[in-house]
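K.L.:
pasting the sequence and the predicted model now:
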Amino acid sequence: MADKKLVGQTALVTGGSSGIGMGVALALGKAGANVIVNYSSSAAAANEVVEQLKSFGSKAIAIKADVSKEDQVHNMFQEAISTFGTIDILVNNAGMQKDAKFDEMTLQQWQSVIDVNLTGQFLCAREAVREFLKRGMVPERSKALGKIICMSSVHELIPWGGHANYAASKGAIKMLMQTLAQEYGDRKIRVNSISPGAIQTPINKEAWETPKALDDLMSLIPYNRIGQPEDVGNLAVFLASDDSDYITGASIFIDGGMTVFEGFSKGG
């Protein structure tokens with residue numbers, strides 16, 4: 001049986017209906033948290049995650065909201081708080097890619113990625129911080145007033161040709177996260193980032209779906225395996241729990257060593 005480190009706490013996971021978000025939502029639920037599964041398009045997928053959460057004893061609901069829209073984010077938090085009383089943990093996971101060569105990138109491709117990946121994290125974090133401050137400390141649940149986990153990427157560090165909008169959004173998330181950790185640390189709000197490398201999800205299917213693609217990918221990963229959503233989920237549980245109470249303002253890379261630049265292992 002999973003260690004129930006998050007019993008009595010409520011977590012909201014944006015983009016929680018698939019991929020990394022689904023892995024995080026399930027891990028938080030297994031750790032005892034109530035879980036709000038946010039989704040933007042597929043109610044069926046979100047409800048399937050909710051049913052999985054309920055199957056191992058977690059209380060869970062799905063809420064549709066586009067995180068780039070202020071009114072929808074506000075309404076999502078109101079519904080979540082009215083259902084569970086408060087929110088203790090926000091996982092700012094919703095993200096997207098619209099890839100193009102930079103000289104061919106349209107303003108719409110740029111803006112839509114920034115709107116979801118960066119502005120969405122701003123809007124959700126602002127609602128979470130407001131709720132944490134309004135609620136006050138509940139020492140029997142957590143040593144922290146609240147926890148925010150921002151989903152970043154190895155591309156907050158590694159430039160990525162053909163993905164200028166995505167890489168720019170992730171670099172900005174790093175500074176947003178650290179600024180919030182600095183600004184609200186004295187109020188006992190912990191803010192950290194998870195920065196995944198290659199995780200086996202639909203968003204990066206072309207990177208692993210053929211033997212050659214997977215082999216090429218392994219040339220970038222010293223640990224020689226592709227990550228799984230549950231790897232990220234396990235880290236999210238740690239960052240949401242009191243086990244990590246002295247960790248704030250940190251980007252934690254979960255990448256099989258991608259950020260040690262394996263290409264330089266034989267000279268450079």
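P.N.:
In hand now; what should we look at?

K.L.:
can you tell me the element the closest residue to Gly233 other than its chain neighbours falls in?
P.N.:
Computed as Cβ to Cβ, 6 or more residues apart in numbering, the closest residue to Gly233 that is not its neighbour in sequence is Ala27, at 2.8 Å. In this view, the C-beta of every residue, glycine as well, is placed from N, C-alpha and C. Using DSSP states H and E, Ala27 sits within helix 19-30.

K.L.:
returning to what we had before: ok, how many other residues are close to the residue nearest to Gly233?
P.N.:
26 (other Cβ atoms under 10 Å).

K.L.:
so it sits right up against Glu230, yeah?
P.N.:
Yes. Contact criterion Cβ atoms under 8 Å: Ala27 and Glu230 qualify, at 6.5 Å.

K.L.:
and the helix or strand Leu53 falls within, what's buried?
P.N.:
Using DSSP H and E, Leu53 sits in helix 43-55. For helix 43-55, the neighbour count (16 or more other Cβ atoms under 10 Å) marks Ala45, Ala46, Asn47, Glu48, Val49, Val50, Gln52, Leu53 as buried.

K.L.:
next: stretch 74-88.
P.N.:
Met76, Phe77, Ala80, Ile81, Phe84, Thr86, Ile87, Asp88.

K.L.:
in CSV, list the residues you listed along with distance to Gly21, secondary structure and pLDDT.
P.N.:
Shown next, in CSV, are the buried residues of stretch 74-88 (distance: Cβ to Cβ, whole Å; DSSP: H, G, I helix; E, B strand; the rest coil; pLDDT from 0 to 100):
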residue, distance to Gly21, secondary structure, pLDDT
Met76, 14, helix, 99
Phe77, 17, helix, 99
Ala80, 15, helix, 98
Ile81, 20, helix, 98
Phe84, 18, helix, 98
Thr86, 21, coil, 98
Ile87, 16, coil, 98
Asp88, 18, coil, 98
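
K.L.:
show the contacting residues for the residue nearest to Gly233.
P.N.:
Glu230, Gly233, Asn234, Ala236, Val237 (Cβ atoms under 8 Å, 6 or more residues apart in numbering).

K.L.:
ok, back up a step: who does the helix or strand following the helix holding Ala27 pair up with?
P.N.:
The first helix or strand that comes after helix 19-30 along the chain, using DSSP H and E, is strand 34-39. Counting by DSSP bridges, the strands paired with strand 34-39 are strand 10-13 (parallel), strand 60-64 (parallel).

K.L.:
select, out of those, the one closest to Gly171.
P.N.:
Gly171 lies closest to strand 10-13 among the strands paired with strand 34-39, at 22.8 Å (Cβ to Cβ).

K.L.:
could you tell me how far that closest one lies from the centre of the chain?
P.N.:
Centroid separation between strand 10-13 and its chain, computed with Cα atoms, centre = their mean, to the nearest Å, is 11 Å.

K.L.:
tally up the residues packed near Ile36, please.
P.N.:
Ile36 - counted by other Cβ under 10 Å - has 30 other residues nearby.

K.L.:
which residues of the stretch 151-268 of the chain score low on pLDDT?
P.N.:
Scanning the stretch 151-268 of the chain with the threshold set as pLDDT under 70 gives 267-268.

K.L.:
any chance you could map the strands in it?
P.N.:
Taking DSSP state E, counting those that start in this stretch as the criterion, the stretch 151-268 of the chain contains strands spanning 189-196, 251-254.

K.L.:
what pairs with the first one, parallel or antiparallel?
P.N.:
Based on DSSP bridges, the strands next to strand 189-196 in the sheet, each with its direction, are strand 146-151 (parallel), strand 251-254 (parallel).

K.L.:
let me have those strands in TSV, extended by distance to Ala164 and mean neighbour count.
P.N.:
Below are the strands paired with strand 189-196 laid out as TSV (distance: least, Cβ to Cβ, whole Å; neighbours: other Cβ atoms under 10 Å):
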stretch	distance to Ala164	mean neighbour count
strand 146-151	19	27
strand 251-254	20	19
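
K.L.:
perfect, I'm done here.
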